[in-house]
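Chemist: sequence-free structure coming up:
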């Protein structure tokens, strides 16, 4: 399998410290089973593995003590294999599944305290979600599917059809407004799902493995579509996937989950460059490191004999893009940030990454 | 005491599995248990036979046709006292009588509309032309022009048969019952679809309503609602409502979770997700349920002729009782025609939205004005039929009907003259070779011996809980006072079920293995299931005369389609790779069937046995009309003769008890084999 990662352009990492997070998750738990609410409070039970907990109490802990912040405009990816609790996690954020314990703070408001009406308002105005299996209404035309959320809000027919038409064009479905969902291909159906989510002009978009059910080629199209839309509308996105290359391609930051627990949370190059444990290391093993790592990860401090008059590059340049420059220069390249020398990169370091990835190491 | 021995043998089964499969009761133990189980069954039968030979004719609890027990007399008294106090007892005055009044009013209203002369008119409000017009228009609006043509042709044919008024009575009862049934069934179905708890509560009741032989509610209902249209309608709606409840609940449940979740995530309220997502998405399936309800209602309305419901059923019953095959055939044909029309129209209705969507929108723009024109034409037809006598009473002398009757009579006579050698030989072979010995074994054994054997079989085949149910049922059967008749019925039922299973396995395997055969056979099976059960009796009555055997054959024809379908599906569901593996190992066709497909379809076989038994049992009363005797006869006689009312009621109860017993044993056995 070739894990092919495309141009991880650093979109000027928006989560600079200081901006208030849109979503802030604290000590979030979701436990299924009898007397589930006792599990998060009990120190002893918290310490058990999933299997042990199952044997002891008959409970399944789908999400265990998860915390993270999502900044405005960020694409935050939650990644894990099936059963890791990622889909449960994203549903807890909008309380499609009721969390067992913890806080989900959205724009300063704890969503868990919201009553049914407030929650509905939030869902109508602030969030929307794109689902793995689309969840379209087969008895409605595309445009009516897209307008569904607006209809739920009580918007008039003319108004919502006009808005829906705009969004249909935005996602590239112009000409298919009057088709029924089952007349469209999977990729196009998911565009309808995307349009439906965008129609309400929400603050945050949640994606639950939206492209897993699609063919690889169409999946790539749709990923590019999401990147394009993110550039155009700049929404905050929380994106669930089990596909590492998709995570690396889309995510500003990535949270890796395993058995309901957070394993590591960081940018793509942090995961590849500094895996938190063997699990993550195993995960990122096949990633073409040159595509993800930046010079910051491979530079070394200048030693005595090094010539320090080579060309300069920034620390966030991806190895793949720096390769030609480094190999062409007959002296090591200096990694410089704000006029300060951070380290140097020579042919050795570049080749270690570029050649290493061939062996899959 | 022998039973006690067998019962102690039984625990060995689980013990063996426990010993050999200590941890998780794995598959290998199965083989051991299976052998031992069939050996235990054999042992029970042998012991029973031996004891039968010794104890023959003692304590058989036989009861003469006119004899009554205390229970029966008590039922009679209850019936009399209810009859006497119907208008003074508050429960009746304010509850049952009110229900009867409402239903009666509804039925009378519909009857006066289309079938019976209304107050000051010699003819109903809407004559044949109006009814045919409405039938065509509604079929076209709900379905398509093809079913509209079918409806017009079918209804006209009913008139030509000379059965217009009878048909309209049947239609009026069916429409009223379906209307009331849907009024309850759809909301209940939606509720059961939404709430797991309600679904759990309601499912056993639905099971009971559907597995109980239909005639059984008739007797108690007449107690509360008197003989007549009200009881007929209520019995019909009890029988006909479960499919809609079940299918509606199923439809609501099978709306993909993501879609509901998507609506939730957009902030839909419960009402919004019900009206905008769940109901529209389950509409098509719900209409299928309505189709089943209508077909069940039609079947039941004809059967309700036994409690004096007007219509085609009555014509058939009267003709059957006087062995007038021609008339019975003519009326039976009318029932079939009506069944086909109702079935096709509702099936088309469930597919219409889909079909309209597929066709280009060209027709949709014309549809509305065309519907308007159609409505206007229909209104004119209705007006004509209301005003002019030629459009109100079906013209002609029913020549077609007479031709059909005499044709059927001719064929019958010919068949009796020329085929009686073959058919009688066949009948006698089955009767003397299979039915009589078995019936003797059951009726001439002491009751406690049969009971003990049944309980032991229940335990061995179905487990302890099934055994306990069997014991309770046996006890209650003895209590009903019709033990001997129950055993006669049991013998016929078992013989019929054996025949059903033979047919089921042969055709089921054939259909399961060949898609072509399946395509050819399945439509006729569907048609056979749509037909009301009365209709089967007619040709067999012609061929075999009024005997137990006729009833058995009719029951077999009624039950076999279900068994065939279930077995065919079971065989088809055997994974193709397994069959391929067997073929590559060098199995011939026979080996594949006996060593791979049938064993792997074991669950389907047990289910088919269960359904076969229940279907056969529900034909028992119908069989009573044509000489099956025993419980069926008791029930039928109970409806017609006051002093036998109590015995009929007890016989009805006995049928239910037999049904419950079979159902529990076979279901438990099915769970075991599939586990």
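Modeler: That came in fine, so what should we check first? The model shown is predicted, which means the values in this text are computed figures rather than measured ones. Numbering: from 1, shown residues only, chains lettered A, B, ... in the order given.
Chemist: list, one by one, the residues from chain A near chain B.
Modeler: A:91, A:94, A:96, A:119-125, A:127-129, A:131-139, A:148-149, A:151-153, A:180, A:193, A:196, A:200, A:206 (Cβ under 8 Å from any Cβ of the partner chain). In this view, the C-beta of every residue, glycine as well, is placed from N, C-alpha and C.
Chemist: residues contacting residue A:91?
Modeler: Taking Cβ atoms under 8 Å, 6 or more residues apart in numbering or on different chains, we find residue A:91 in contact with A:97, A:208, B:261.
Chemist: now residue B:582
Modeler: Per Cβ under 8 Å, 6+ apart, neighbours of residue B:582: B:591, B:592, B:595, B:596.
Chemist: how far does the helix or strand where it lies sit from the chain's center?
Modeler: Per DSSP states H and E, residue B:582 falls inside helix B:576-584. On the basis of Cα atoms, centre = their mean, to the nearest Å, helix B:576-584 sits 38 Å off its chain's mean C-alpha point.
Chemist: which among the contacts of residue B:582 end up buried?
Modeler: Of the members of these, the ones counted as buried by neighbours, 16 or more other Cβ atoms under 10 Å in any protein chain shown, are B:592, B:596.
Chemist: chain A: which of the contacts of residue B:582 is nearest?
Modeler: Nearest to chain A out of the contacts of residue B:582 is residue B:596 (Cβ to the nearest Cβ; 33.4 Å).
Chemist: give me the pLDDT value at the closest one.
Modeler: Residue B:596 carries a pLDDT value of 81.
Chemist: that one in helix, strand or coil?
Modeler: helix (DSSP: H, G, I helix; E, B strand; the rest coil).
Chemist: for it, which non-adjacent residue is closest in space?
Modeler: Spatial nearest neighbour of residue B:596, chain neighbours left out: residue B:582 (4.7 Å); criterion: Cβ to Cβ, 6 or more residues apart in numbering or on different chains.
Chemist: what about the one you found, distance to residue B:648?
Modeler: 53 Å (Cβ to Cβ, to the nearest Å).
Chemist: swap in residue B:333?
Modeler: From residue B:333 to residue B:648 the distance is 30 Å (Cβ to Cβ).
Chemist: how about the helix or strand containing residue A:52: buried residues?
Modeler: If you go by DSSP H and E, residue A:52 is part of helix A:50-57. Neighbour-count burial for helix A:50-57 flags A:50, A:53, A:57 (criterion: 16+ other Cβ under 10 Å).
Chemist: likewise for stretch B:367-387?
Modeler: Those would be B:374, B:378, B:381, B:382, B:384, B:385, B:386, for stretch B:367-387 by 16+ other Cβ under 10 Å.
Chemist: for residue B:374, see how far away the last one is.
Modeler: Spelled out, that is residue B:386. For residue B:386 relative to residue B:374 (Cβ to Cβ), the value is 18 Å.
Chemist: same check, this time on the fourth one
Modeler: The gap separating residue B:382 from residue B:374 is 12 Å, by Cβ to Cβ.
Chemist: any idea which helix is longest in chain B?
Modeler: Among the segments of chain B that qualify as a helix by DSSP state H, the longest is helix B:325-358.
Chemist: could you pull up the mean pLDDT of that helix?
Modeler: Computed over helix B:325-358, the average pLDDT equals 80.
Chemist: average pLDDT for the helix or strand following it?
Modeler: With elements assigned by DSSP H and E, the helix or strand that comes after helix B:325-358 is helix B:362-387. Helix B:362-387 shows a mean pLDDT of 81.
Chemist: report the angle between helix B:362-387 and helix B:325-358.
Modeler: In terms of direction (axes from the mean of the first three to the mean of the last three Cα atoms, to 10 degrees), helix B:362-387 departs from helix B:325-358 by 140 degrees.
Chemist: what packs against helix B:362-387?
Modeler: Where contact means 3 or more Cβ pairs under 8 Å, 6 or more residues apart in numbering or on different chains; DSSP states H and E, helix B:362-387 is packed against helix B:128-142, helix B:389-392.
Chemist: centre of the chain versus it, how much separation?
Modeler: 38 Å.
Chemist: for stretch B:381-397, same thing?
Modeler: 37 Å.
Chemist: and the end-to-end length of it?
Modeler: In stretch B:381-397, first residue to last residue: 22 Å (Cα to Cα, to the nearest Å).
Chemist: contacts for it?
Modeler: B:123-134, B:159-160, B:162, B:164.
Chemist: just stretch B:73-86 next, same as before
Modeler: B:68, B:89, B:92, B:97, B:223-224, B:226, B:642-643, B:645-647, B:649-650.
Chemist: next: stretch A:100-118.
Modeler: Contacts for stretch A:100-118 (Cβ under 8 Å, 6+ apart): A:20-31, A:36-37, A:39-41, A:65-67, A:92-95, A:99, A:119, A:122, A:126, A:203-204.
Chemist: in helices, which of those fall?
Modeler: Per DSSP H, the subset of the contacts of stretch A:100-118 in helices is A:92, A:93, A:119, A:122.
Chemist: in TSV: those, plus pLDDT, distance to residue B:314 and neighbour count.
Modeler: Formatted as TSV, the entries for the ones in helices among the contacts of stretch A:100-118 read as follows, by pLDDT from 0 to 100; distance: Cβ to Cβ, whole Å; neighbours: other Cβ atoms under 10 Å in any protein chain shown:
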residue	pLDDT	distance to residue B:314	neighbour count
A:92	91	64	25
A:93	90	66	22
A:119	88	60	19
A:122	88	64	21
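Chemist: and the helix holding residue A:52, what other elements does it pack with?
Modeler: If you count contacts as 3+ Cβ pairs under 8 Å, 6+ apart, helix A:50-57 packs onto helix A:43-46, strand A:60-70.
Chemist: distance of residue B:72 from residue B:450?
Modeler: 21 Å.
Chemist: residue B:596 now?
Modeler: 38 Å.
Chemist: returning to that earlier point: could you dump the buried residues of helix A:50-57 to TSV with pLDDT?
Modeler: Shown next, in TSV, are those (pLDDT from 0 to 100):
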residue	pLDDT
A:50	81
A:53	83
A:57	82
